[in-house]
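Asker: Whatever this is, show me its structure:
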Amino acid sequence: MFYSGISDEAGQAIDTQIKAHQELGWDYLELRVIDGENLTAVSNEKFDEIYDKVTAAGMKVSCFGSAVANWARPITCDPQIDIDDLAAAIPRMQRFGTQFIRVMSYPNDKDCPLSDAEWRDEAIKRMKVLAKMAEDGGIILAHENCSGWGGLSAENSNTLLGEVDSPALKVVFDTGNPVTYGQDPWDYYKTVAKDIVYVHIKDARKVDGEDTYTYCGEGDGRVKDIVGDLLGNGYEGGISIEPHLAAVIHTGQTADPAKLYESYVEYGRRLMKIVDEVTA
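Answerer: Numbers count the residues shown, from 1 in each chain. As a prediction, the model looks like this:
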């Protein structure tokens, strides 16, 4: 098992993201946004700069936090957007030696929604195309239990993977998302456990019907139980923090840079304490 984190939650600059992980003693980063741009969308010159700084620090990239099929791309969007995004990401992943790219499976269009059957079929159709690209590129799509048809339930996740039927489509399980989607975290986890290759650590609880994000282990995400079960069953993959305490990318919530950085590092320390407790 190794630690990582969606490092833009420590700060926008790559130097800040590296510094936070060095302070935690971690060798990996999960790169998503640098200076306001997703890693798959930055210019070649910017990517070279990021690559040089990460490698000069002796660090590796555990996962690309892409926007492929995510909460901002409904099922009615042009599928070429994601094809182009993935095509741009694959050589960059290969350069870093990164195996995983985080994806979702298309939310329904809230303005012009498809029927449930149409949504299902189109999501599966699109994911088959993306999975074939991933296979050819030697990388793995890590599908998150988040926005999209496959994230509606653990059963949908299993159906998606079964229908796509590709070794290049697996699961990144986020401990906090079931809480915010009104699902049972433990049941969801156990139902998809066989396909989990990567983990996001987030925690939350509902307060008067509103999502309230907490430090790991303080919410209703069953973080300690899930981490303990994973490690007890020999999990050797990445455990990556996504605090959502001081900043939440999909809501536009931002924070004072110092607070962002401090809460991120503290979150990482608390996760390491949980791991020490469950492995003692």
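Asker: got the buried residues for stretch 273-280?
Answerer: Under the neighbour-count criterion of 16 or more other Cβ atoms under 10 Å, stretch 273-280 has 274, 275, 278 buried. In this view, the C-beta of every residue, glycine as well, is placed from N, C-alpha and C.
Asker: How about stretch 209-219?
Answerer: By neighbour count with 16+ other Cβ under 10 Å, stretch 209-219 contains the buried residues 211, 213, 214, 215, 216, 217, 219.
Asker: Tell me how far the closest residue to residue 31 other than its chain neighbours lies from residue 228.
Answerer: Residue nearest to residue 31 in three dimensions, not counting chain neighbours: residue 39, with 4.8 Å by Cβ to Cβ, 6 or more residues apart in numbering. Between residue 39 and residue 228 the computed distance is 32 Å (Cβ to Cβ, to the nearest Å).
Asker: Also residue 5?
Answerer: As judged by Cβ to Cβ, residue 5 and residue 228 stand 20 Å apart.
Asker: Of the two, which one has the most company?
Answerer: Taking neighbours as other Cβ atoms under 10 Å, residue 5 and residue 228 compare with residue 5 leading, 29 against 16.
Asker: Quickly list what that one is bridged to.
Answerer: Using DSSP bridges, the bridge partners assigned to residue 5 are residue 241.
Asker: Name the spans of the protein whose pLDDT lies under the cut-off.
Answerer: Across the chain, residues meeting the criterion (pLDDT under 70) sit at 247-255.
Asker: let's see it at 90
Answerer: 209, 246-256 (pLDDT under 90).
Asker: the strands in it, which residues?
Answerer: For the chain, applying DSSP state E gives strands covering 2-5, 28-31, 33-34, 37-38, 60-65, 100-105, 140-148, 169-174, 196-201, 204-207, 210-213, 238-241.
Asker: Can you check which of those strands gets nearest to residue 87?
Answerer: Nearest to residue 87 among the strands of the chain is strand 100-105 (11.7 Å), distances taken as Cβ to Cβ.
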